[in-house]
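Engineer: Predicted model, plus sequence, below.
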Amino acid sequence: MTTSTAIARLNAADPDFAHHLDHLLSWESVSDDSVNQRVLDIIKAVRARGDAALVDFTRQFDGLDVQSMADLILPRERLELALTRITVPQREALEVAAARVRSYHEQQKQDSWSYTEADGTVLGQKVTPLDRAGLYVPGGKASYPSSVLMNAIPAKVAGVTEVVMVVPTPRGEINELVLAAACIAGVDRVFTIGGAQAVAALAYGTESVPKVDKVVGPGNIYVATAKRHVFGQVGIDMIAGPSEILVVCDGQTDPDWIAMDLFSQAEHDEDAQAILVSPDAEFLDKVAASIDKLLPTMERAEIIEKSINGRGALILVQDMEQAIEVANRIAPEHLELSVADPQAWLPSIRHAGAIFMGRHTSEALGDYCAGPNHVLPTSGTARFSSPLGVYDFQKRSSIIFCSPQGASELGKTASVLARGESLSAHARSAEYRILDEGK
Ligand SMILES: NC(=O)c1ccc[n+]([C@@H]2O[C@H](COP(=O)([O-])OP(=O)(O)OC[C@H]3O[C@@H](n4cnc5c(N)ncnc54)[C@H](O)[C@@H]3O)[C@@H](O)[C@H]2O)c1
Ligand SMILES: N[C@H](CO)Cc1c[nH]c[nH+]1
Ligand SMILES: [Zn+2]
């Protein structure tokens, strides 16, 4: 296969830079009406026809010759069988990764808390795990055992009662590592469905798929659009779409390393985005040469080429301060600070899903086994979203337990405010509890 790279070159000194950058970052298909309409139609069909719609869509989009929903359900024994079918090094790698992801996420666990005021009133928050969580594990263009661990382990650490996983198996190709990962992570139920129909099934429930309280996990445009639409019916974690990497480099890292770091995310999807920002123009040329040299050696060269040519860029900036400014504007899913002293720049980073510090910390380590979650906000949503975590599977209830004295004092304040809102039932309800101080 012949490949050729024509990665975009941007210069922050260009008066039109902001406009060019906006254009680069816009993800055309997000606002594609036809995708949106198709997703709405799929959701409607799943709500109306349940399992029958899931079977039809799975035949249509995943090319599976299935007759009934029974063909799309994997019992726990099938997950256990997968564990025996993978190699020993594969099992060990999954177990090492799972242990590291678990230890990291244990740190995120939040406990209920309370404090007691002088008059005996107790205030606090009760933390409760979700009853049932739905995990979307992508499976269209690649299989993601690592995403099984990243989705399921925080749910289990949080104490979710039932963890339901959906994963498409295009053309019926089942990935044993995905099922083995589900077994290791303790997933309770698995359905081999994907796309918008799987998200709809989790959100609304069908005869076979139980309705969940929250749908989490990354996926392609159909999955991301479906999650937007079902939000409100169920909770969602975030919109985690096509992968992104932004490398900020001072020009001193091996250009082959940087080219491969860019490829590592480009190889996920033609829509993935890989960008390098550097104040060193010669270094950008060297990385462009490395891209040309290394691309033909890649197994997924075709996807990488489309991603790099369509959505990638090499951006020249004046200095490191401007590089950080650009990084904050992009708010990338993954930010590599491939510089001599990453600690010095960390305080200036305001928006990024995950920050990889120094020349040796390749983003790929975070994807698999460093410990932090690899399900991260994409498309600039790191401005307001965080990595998937234990907190996504826990919710909080406020606790108010007034002593008679506390209710009496609070009642006086509440009464004034309630009458100011002309809500006399509120006022009188509070006033009933005001103690008669003469008694
Ligand atoms: N942010 C993260 O943490 C993270 C992790 C892993 C993967 N990813 C991203 O997730 C995405 C995975 O995408 P994928 O496609 O490989 O798998 P996917 O599971 O997200 O999507 C596959 C499904 O899309 C549906 N589909 C495909 N074409 C369709 C069409 N024309 N009409 C309707 N539905 C259609 C099918 O139902 C199919 O089952 C990639 O963009 C990858 O970069 C992100
Ligand atoms: N980079 C992806 C998140 O954007 C996660 C992943 C899984 N496997 C490899 N990579
Ligand atoms: Zn990756």
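Structural biologist: Now that the structure is in, tell me what you want to look at. Ligands and ions are numbered 1, 2, ... in the order given.
Engineer: rest of the way, CA atoms for contacts and neighbours
Structural biologist: Will do.
Engineer: show me where pLDDT drops low in this structure?
Structural biologist: For the chain, applying pLDDT under 70 flags the ranges 1-4, 28-31, 439.
Engineer: What residues does it have near ligand 1?
Structural biologist: Neighbours of ligand 1 within the chain, by C-alpha under 6 Å from any ligand atom: 61-62, 138-142, 168, 194-195, 218-220, 222-223, 240-243, 268-269, 272, 374-376.
Engineer: Would you mind checking those residues for buried ones?
Structural biologist: The neighbour-count test (16 or more other C-alpha atoms under 10 Å) marks 61-62, 138-140, 168, 194-195, 218-220, 222-223, 240-243, 268-269, 272, 374-376 as buried among the residues of the chain next to ligand 1.
Engineer: how about residue 110, secondary structure?
Structural biologist: Following DSSP: H, G, I helix; E, B strand; the rest coil, the label given to residue 110 is coil.
Engineer: Next step: the buried ones among the residues of the chain next to ligand 1 restricted to helices.
Structural biologist: Using DSSP state H, 61, 62, 195, 222, 223 are the members of these that sit in helices.
Engineer: Spatially nearest residue to the first one (excluding sequence neighbours)?
Structural biologist: When you say that, I think you mean residue 61. residue 170 (7.9 Å; C-alpha to C-alpha, 6 or more residues apart in numbering).
Engineer: OK, contacts around that neighbour?
Structural biologist: By C-alpha atoms under 8 Å, 6 or more residues apart in numbering, the residues touching residue 170 are 61, 62, 63, 64, 139, 140.
Engineer: Do I have it right that the fourth one meets residue 173?
Structural biologist: By that I understand residue 64. No. At 9.1 Å, residue 64 does not count as touching residue 173 under the criterion of C-alpha atoms under 8 Å.
Engineer: Comparing those two, which shows the higher neighbour count?
Structural biologist: residue 64 (20 against 12; other C-alpha atoms under 10 Å).
Engineer: With adjacent residues omitted, what lies nearest to the residue in the stretch 151-300 of the chain that ligand 2 sits nearest to?
Structural biologist: Closest contact between the stretch 151-300 of the chain and ligand 2, by C-alpha to the nearest ligand atom, is at residue 243 (3.9 Å). Excluding its sequence neighbours, the residue lying closest to residue 243 (C-alpha to C-alpha, 6+ apart) is residue 272, at 5.0 Å.
Engineer: what does residue 125 give?
Structural biologist: With C-alpha to C-alpha, 6+ apart, the residue lying closest to residue 125 is residue 398, at 4.5 Å.
Engineer: for whatever helix or strand that neighbour lives in, which positions count as buried?
Structural biologist: For residue 398, the host element (DSSP states H and E) is strand 394-401. Residues of strand 394-401 classed as buried by neighbour count (16+ other C-alpha under 10 Å): residue 394.
Engineer: Residue 422 and residue 6: what is the separation?
Structural biologist: 67 Å (C-alpha to C-alpha, to the nearest Å).
Engineer: Which one's more surrounded, the two?
Structural biologist: Taking neighbours as other C-alpha under 10 Å, residue 422 and residue 6 compare with residue 6 leading, 15 against 11.
Engineer: show me what contacts that one?
Structural biologist: 308, 309.
Engineer: 10 Å - rerun?
Structural biologist: In this structure, residue 6 makes contact with 288, 291, 292, 305, 306, 308, 309, 310, 312, 313, judged by C-alpha atoms under 10 Å, 6 or more residues apart in numbering.
Engineer: Next, find the distance separating it from residue 80.
Structural biologist: 46 Å.
Engineer: just residue 243 next, same as before
Structural biologist: Going from residue 243 to residue 80 by C-alpha to C-alpha gives 30 Å.
Engineer: Same check on residue 108?
Structural biologist: Distance of residue 108 to residue 80, computed by C-alpha to C-alpha: 29 Å.
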